[in-house]
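Undergrad: next comes the sequence, and after it the predicted model I'd like to discuss.
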Amino acid sequence: MNKVKTYIETHKDRFLNELIELLKIPSISADSAYEKDVLKTAKAIKISLEKAGCDTVEICETNGYPIVYGEKTIDTNLPTILVYGHYDVQPPDPLDLWHSPPFKPVIKNTEKHPEGAIFARGACDDKGQMYMHVKAMEFMTTTNQLPCNVKFMIEGEEEVGSANLATFVKNNQEKLKNDVILISDTGMIANDVPSITTGLRGLSYVEVEVTGPNRDLHSGLYGGAVANPINILTKMIASLHDENNHINIPGFYDKVEELSLEERAEMAKAPFSLEDYKNALDIEAIYGETGYTTNERNSIRPTLDVNGIWGGYTGEGAKTVIASKAYAKISMRLVPHQDWEEITQLFKVHFENIAPKGVKIKVTPHHGGQGYVTPIDSIGYQAASKAYQNSFGKTPIPQRSGGSIPIVSLFEQELKSKTILMGFGLDSDAIHSPNEHFGVWNYLKGIETIPYFYKYFTELSS
């Protein structure tokens, strides 16, 4: 891509100012009080795509917030890249932990971003990363270097589960037809260690309820004579792992993919300091499934964790009761090939089976999604790797992520195309947390790298 660095340097201030203006809009999809702001953001994205050179841009209504769709077709014989992103953001709470207001963006230097980072809700997830694609498109159309066809699908409900996206995708398969999908909603290892996310874990999220007696009881009069739901629940939860932290649910591992030694060796090339890891979390020792490294445990292996547990009296002082009910929220991160609905059913059956007499069990599934893998020998991955080599001067490391993006498996199922995850954020950018930020260098580096992906994907597809 000829003169992309020069173009970015010339327009750097404008690129930053445009993003800052977008970040000022509190597009919080989870809170209906911000409905006007979410819709305002959709309109702003539409205008930006039009200015970036898309021939057609429309705001597509759904049963929730709209999807902004744009496209530019230069030759139907050329490949088509579909860019996905989202314009909604997480709620900023707790506000008292922010060092600056979440919707008044400021640029400050940090240890990881000595050149400055934009502090604002949505800076990294996903307005900043989504807007990189808009500005990359602007460069390619302005300089007549767009090598293929492009489509944009930017939604406003990602932070609340993309409830209406599946319907939109199913109803618009011809409109969304593509050769590869490109997403920047992930991260990389470090600014000097580029990486490409090649795998995402799936998710099964359930809530369990244990009911004992028909009312709270006096622990002196009834203690030791009836089942205590809190005691029972904690014993049941403890039994879900064995001494090697292996999950004790029959059939849970039946479809778990064992990675090859070659791919595990590639993953191990990522720089990682166990001491730094422990120090950052203020822990004395690591913990997890026997036989796997820390980075393998949180990416290529399935997990089961209690996310919340409650019951009985938790107020100030003492109240000697045996609670009638106890509750827990439990999430299972799944690896590719594990079906989240199947795992949810396996959990339900097992949890009901291990309950002792004297209590009733209720398992309520909340939500879930499938895992995903991008083969490193695919044209899309090879194009991304060459793009990073060009802009970073280094070959990127393939990296499995511990997180989940359920829509990626939906895209493959409905649109029959692979997704390439080119993230430019860092783990330290505090997405979903107070003081979320995105490095200025990362933002501009993304704009520089993306056009190379278009170039190499087109060349490799011919």
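TA: Thanks, I have the structure now.

Undergrad: check contacts around the nearest residue to residue 319 once chain neighbours are set aside.
TA: Computed as C-beta to C-beta, 6 or more residues apart in numbering, the closest residue to residue 319 that is not its neighbour in sequence is residue 313, at 4.0 Å. The way it works is simple: take the backbone N, C-alpha and C, and place the C-beta from them, glycine included. Shown in contact with residue 313 (C-beta atoms under 8 Å, 6 or more residues apart in numbering): 319, 321, 323.

Undergrad: residue at max distance from the center of the protein?
TA: Relative to the mean C-alpha coordinate of the chain, counting by C-alpha atoms, centre = their mean, the farthest residue is residue 221 (49.9 Å).

Undergrad: what about that residue, distance to residue 78?
TA: Look at residue 221 and residue 78: by C-beta to C-beta, to the nearest Å, they are 79 Å apart.

Undergrad: name the surrounding residues that touch the helix or strand harbouring residue 329.
TA: Element membership for residue 329 (DSSP states H and E) is strand 325-334. If you take C-beta under 8 Å, 6+ apart as the criterion, strand 325-334 is touched by 201-212, 229-230, 232-233, 237, 247, 302-312, 340, 343, 347, 366, 370-371, 402, 404.

Undergrad: what sits against residue 120?
TA: Contacts of residue 120 (C-beta under 8 Å, 6+ apart): 20, 23, 24, 102, 103, 104, 105, 106, 436, 437.

Undergrad: please redo it, this time with the cut-off set to 10 Å
TA: The neighbourhood of residue 120, defined by C-beta atoms under 10 Å, 6 or more residues apart in numbering, consists of 19-20, 22-24, 26, 89, 92, 98, 100-107, 127-128, 435-438.

Undergrad: what about those residues, which are in helices?
TA: 19, 20, 22, 23, 127, 128 (DSSP state H).

Undergrad: so what's the residue count around the second one?
TA: When you say that, I think you mean residue 20. Using other C-beta atoms under 10 Å, residue 20 is surrounded by 17 other residues.

Undergrad: just checking, it touches residue 105?
TA: Yes. Checked against C-beta atoms under 10 Å, the pair residue 20 and residue 105 is within contact range at 4.6 Å.

Undergrad: between the two, which contacts overlap?
TA: Common neighbours of residue 20 and residue 105 (C-beta under 10 Å, 6+ apart) are 118, 120, 123, 128.

Undergrad: pLDDT value on the nearest residue to residue 188 once chain neighbours are set aside, please?
TA: In space, and not counting its chain neighbours, residue 188 is closest to residue 195: 4.5 Å by C-beta to C-beta, 6+ apart. We have a pLDDT of 95 for residue 195.

Undergrad: next: residue 405.
TA: Per the predicted model, pLDDT is 83 at residue 405.

Undergrad: and residue 268, by the same measure?
TA: Residue 268 is given a pLDDT of 86.

Undergrad: that one and residue 293 touch, don't they?
TA: Yes. Assessed by C-beta under 10 Å, residue 268 is found in contact with residue 293 at 7.3 Å.

Undergrad: more crowded one of these two?
TA: residue 293 (17 against 12).

Undergrad: and residue 281, how far from residue 436?
TA: Per C-beta to C-beta, residue 281 is found 19 Å from residue 436.

Undergrad: sorry, back to before: among the contacts of residue 313, which one has the most neighbours?
TA: For the contacts of residue 313, the largest number of neighbours (other C-beta under 10 Å) sits with residue 323, at 24 neighbours.

Undergrad: check contacts around the residue lying closest to it once chain neighbours are set aside.
TA: Distances taken as C-beta to C-beta, 6+ apart place residue 312 nearest to residue 323, at 3.6 Å, with adjacent residues excluded. Taking C-beta under 10 Å, 6+ apart, we find residue 312 in contact with 216, 219, 228, 229, 230, 319, 321, 322, 323, 324, 325, 326.

Undergrad: and for residue 164?
TA: Taking C-beta under 10 Å, 6+ apart as the test, what residue 164 contacts is 60, 61, 62, 63, 64, 65, 66, 67, 155, 156, 157.

Undergrad: just put the residues you listed in JSON lines and tack on distance to residue 36.
TA: Formatted as JSON lines, the contacts of residue 164 follow (distance: C-beta to C-beta, whole Å):
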{"residue": "60", "distance to residue 36": "19"}
{"residue": "61", "distance to residue 36": "16"}
{"residue": "62", "distance to residue 36": "17"}
{"residue": "63", "distance to residue 36": "18"}
{"residue": "64", "distance to residue 36": "15"}
{"residue": "65", "distance to residue 36": "11"}
{"residue": "66", "distance to residue 36": "13"}
{"residue": "67", "distance to residue 36": "18"}
{"residue": "155", "distance to residue 36": "18"}
{"residue": "156", "distance to residue 36": "12"}
{"residue": "157", "distance to residue 36": "16"}
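
Undergrad: can you flag the buried ones in these?
TA: 60, 62, 64, 65, 66, 67, 155, 156, 157 (16 or more other C-beta atoms under 10 Å).

Undergrad: take those and write them to JSON lines, including secondary structure, pLDDT and distance to residue 414.
TA: Converted to JSON lines, these look like this (DSSP: H, G, I helix; E, B strand; the rest coil; pLDDT from 0 to 100; distance: C-beta to C-beta, whole Å):
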{"residue": "60", "secondary structure": "strand", "pLDDT": "98", "distance to residue 414": "16"}
{"residue": "62", "secondary structure": "coil", "pLDDT": "98", "distance to residue 414": "16"}
{"residue": "64", "secondary structure": "coil", "pLDDT": "97", "distance to residue 414": "18"}
{"residue": "65", "secondary structure": "coil", "pLDDT": "98", "distance to residue 414": "20"}
{"residue": "66", "secondary structure": "coil", "pLDDT": "98", "distance to residue 414": "19"}
{"residue": "67", "secondary structure": "strand", "pLDDT": "98", "distance to residue 414": "14"}
{"residue": "155", "secondary structure": "strand", "pLDDT": "98", "distance to residue 414": "14"}
{"residue": "156", "secondary structure": "coil", "pLDDT": "98", "distance to residue 414": "19"}
{"residue": "157", "secondary structure": "coil", "pLDDT": "96", "distance to residue 414": "17"}
